[in-house]
Each structure stands twice: as structure tokens, then as C-alpha cells.
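K.L.:
Structure, please.
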Amino acid sequence: MSGSLCAATENKVGVVLIHGKWGNPSQFNSLAKSMSSKGYMVLTPLMPWSKVRGYDIDYSSALEIVTGTIQELRKSGSAVIVWLDTVREQMRLLPMQPMAGKKLMPL
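P.N.:
So this is what the prediction gives:
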């Protein structure tokens, strides 16, 4: 799994932080540490639209990254919240909601 994992959770709530176009997971370092210190399990995958990756895989493969990240959190027994950095990411990932089995929750 590409991305960062912060802390185990006591309250069994996992959060997936999805960065925007040309962004990267490090933009969430402060937020991830803060959430982790409050007992959340936080994952921040490096998405294919990052500046580092430059669209190196197709759309369906990008959705598999998000789905795989959600599944990783669910294996730990966590309820999952997906934080989408921008409206663009909300629109990009909206079609994958049935794959994830839960509604995405832009915050």
C-alpha cells in the first residue's frame, strides 16, 4: 500500500486523506498527527495525480488504491471516513462509492 499510516486506533475509526491534483500525502502531516493523537487510524496514500507520479496509472487503478486503502482500515475493524482534499477529487472519486461499499464523506 502506498501512503503513510499513523497510529493504531482505540476508537476504531479510520480516516483516508486523499490529496488533490499535484499534491502529496505530506500536506496532511500535521492533520494526520493530530488525528492520530486523538486515536484515529490515518492513511494517506500517494495518488497517481500527484506531482511525483504524474498520472502513471489509469483511473480504474487509481480507484483500486482508494478501495484497497479503505479495505486495509476495515480489516482492522475500523469504520472509515474518506477526506477528499478538493472538489475535483470529490468528483473524480464519486463513481467509486459502490466499490467502497460506503458513501464517501467529504469533510
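
K.L.:
Next, residue 20: phi, psi?
P.N.:
As for residue 20, its main-chain torsions (degrees, to the nearest 10) stand at phi -80, psi -180.

K.L.:
does it really touch residue 85, like I thought?
P.N.:
Yes. The pair residue 20 and residue 85 qualifies as a contact (C-beta atoms under 8 Å) at a distance of 4.1 Å. In short, each C-beta sits where N, CA and C put it, glycine included.

K.L.:
what about this protein, any weak spots by pLDDT?
P.N.:
Low-confidence segments of the chain (pLDDT under 70): 1-11, 86-107.

K.L.:
90 - rerun?
P.N.:
Where the chain drops to pLDDT under 90, the residues are 1-12, 18-22, 49, 58-60, 62-63, 66, 76-107.

K.L.:
would you list every one of the strands in it?
P.N.:
Remark: strands of the chain, listed N- to C-terminal, are 4-6, 13-18, 41-44, 79-84; assignment by DSSP state E.

K.L.:
I'd like the distance between residue 52 and residue 26.
P.N.:
Distance of residue 52 to residue 26, computed by C-beta to C-beta, to the nearest Å: 10 Å.

K.L.:
do residue 68 as well
P.N.:
From residue 68 over to residue 26 the distance is 20 Å, taken as C-beta to C-beta.
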